[in-house]
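Visitor: pasting the structure only:
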């Protein structure tokens with residue numbers, strides 16, 4: 001999830017554990033715990049694009065990091081706050097749950113988390129977008145109410161618990177909505193007589209009303225959208241896999257790593273004699289006639305030594321605004 005949401009979640013965790021002893025400083029420590037796992041994005045400044053993607057939501061989002069990181073940061077918290085009767089155990093649990101709940105929340109997104117790193121498997125429920133105001137804003141409201149209760153500790157903890165209850169209930173609702181959207185897509189595929197092998201369903205930007213499906217067939221992927229306000233049948237747009245474009249290079253380490261990252265949801269495309277790798281999991285950024293760009297695409301090129309290299313295709317902010325406008329109208333149904 002986005003940084004603000006993780007700060008709020010972490011702050012509520014800290015408040016629950018030592019808020020009675022050190023007040024709003026507990027929220028500050030929890031917010032720090034909620035932020036630390038996402039510092040893995042800094043790897044993007046020091047590594048190539050593929051490595052940066054491989055690192056993200058890996059070690060720092062694992063149970064191992066939650067445990068060993070809590071040992072270190074828990075001691076630091078104890079050292080700072082022992083004069084206020086904060087124990088080492090409380091410091092440990094604040095950071096353990098701050099790190100662990102961060103990873104658990106990210107499990108509900110499309111990207112998912114490698115909770116059992118160093119194992120490769122990524123857990124992703126794909127029921128909530130990385131930014132969702134309906135999750136974040138109520139949680140923030142109750143946390144702020146809790147922060148303002150400086151003398152009535154019981155009331156402070158009540159508001160803090162309410163934040164957890166409401167946000168957790170919303171996560172449960174997103175799973176139910178996904179199940180309904182999944183059924184709608186499978187029904188549409190059956191009615192249209194489309195044979196498929198795999199399907200991935202996820203919400204679109206900042207909502208759980210409009211859903212996106214990526215459907216794998218023998219030679220192509222189909223992408224469709226479904227809003228709960230739709231009155232028309234679901235339609236699918238076809239994107240050929242084009243895996244033969246790199247047949248001679250399919251065992252190249254760069255190709256193997258990209259295929260692994262995309263979890264098998266990928267196509268190749270060719271523009272002006274250049275080959276692109278398209279990770280389909282995060283949808284389309286631009287889809288206007290022949291101008292098609294996925295949110296995550298990579299261009300292959302040869303360096304001065306004639307070796308294959310890859311670079312991520314840059315995203316233009318104007319395309320993002322156009323996409324948001326398009327999704328807003330699409331959300332209202334067709």
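Guide: Received the coordinates, thanks. Quantities reported herein were computed from a predicted structural model and do not represent experimental measurements.

Visitor: mind checking how far residue 81 is from residue 110?
Guide: Residue 81 sits 38 Å away from residue 110, going by Cβ to Cβ, to the nearest Å. Any C-beta I mention is one placed from the backbone N, CA and C, and that applies to glycine too.

Visitor: Surely residue 78 and residue 84 touch.
Guide: No: with contact defined as Cβ atoms under 8 Å, residue 78 does not count as touching residue 84 (10.4 Å).

Visitor: Looking at these two, which is more packed in?
Guide: The residue with more neighbours, out of residue 78 and residue 84, is residue 78; 17 against 11, by other Cβ atoms under 10 Å.

Visitor: hang on, that one is in a helix, isn't it?
Guide: Yes: Residue 78 sits within a helix when classified using DSSP: H, G, I helix; E, B strand; the rest coil.

Visitor: residue contacts, it?
Guide: By Cβ atoms under 8 Å, 6 or more residues apart in numbering, the residues touching residue 78 are 86-88, 90-91.

Visitor: Give the other helices and strands that the lengthiest strand in the chain contacts.
Guide: What stands out as the longest strand in the chain, according to DSSP state E, is strand 274-288. Secondary-structure packing of strand 274-288 (3 or more Cβ pairs under 8 Å, 6 or more residues apart in numbering; DSSP states H and E): strand 210-216, strand 220-227, strand 236-240, helix 253-261, strand 266-271, strand 291-302, helix 317-331.

Visitor: of these, which approaches residue 36 most closely?
Guide: Nearest to residue 36, of all the helices and strands packed on strand 274-288, is helix 253-261, at 23.5 Å by Cβ to Cβ.

Visitor: Would you indicate which residues of that closest one are buried?
Guide: Neighbour-count burial for helix 253-261, counted by 16 or more other Cβ atoms under 10 Å, picks out 254-255, 257-259, 261.

Visitor: what's the closest of the residues you listed to residue 212?
Guide: Set against residue 212, the nearest of the buried residues of helix 253-261 by Cβ to Cβ is residue 261 (19.0 Å).

Visitor: The residue lying closest to the closest one once chain neighbours are set aside and residue 43, how far apart?
Guide: Of all residues not flanking residue 261 in the chain, residue 53 sits nearest, at 5.4 Å (Cβ to Cβ, 6 or more residues apart in numbering). Per Cβ to Cβ, residue 53 is found 9 Å from residue 43.

Visitor: And the two? Which one has more around it.
Guide: Remark: of residue 53 and residue 43, residue 53 carries more neighbours, 22 against 17, as counted by other Cβ under 10 Å.

Visitor: Please identify which helix or strand holds the more buried one.
Guide: Under the criterion of DSSP states H and E, residue 53 resides in helix 49-55.

Visitor: Against which helices or strands is that helix packed?
Guide: Judged by 3+ Cβ pairs under 8 Å, 6+ apart, helix 49-55 is in contact with helix 253-261, strand 308-312.

Visitor: in it, what's buried?
Guide: Applying 16+ other Cβ under 10 Å to helix 49-55 flags 50, 52-55 as buried.

Visitor: and if you look at stretch 82-102?
Guide: Buried-residue list, stretch 82-102, by 16+ other Cβ under 10 Å: 86, 90-102.

Visitor: so what are the domain limits for this structure?
Guide: With domains defined by automatic domain parsing, the chain comprises 3-124, 241-331.

Visitor: Out of these, which gets the lowest mean score?
Guide: Note on those: domain 241-331 shows the lowest mean pLDDT, a mean of 87.
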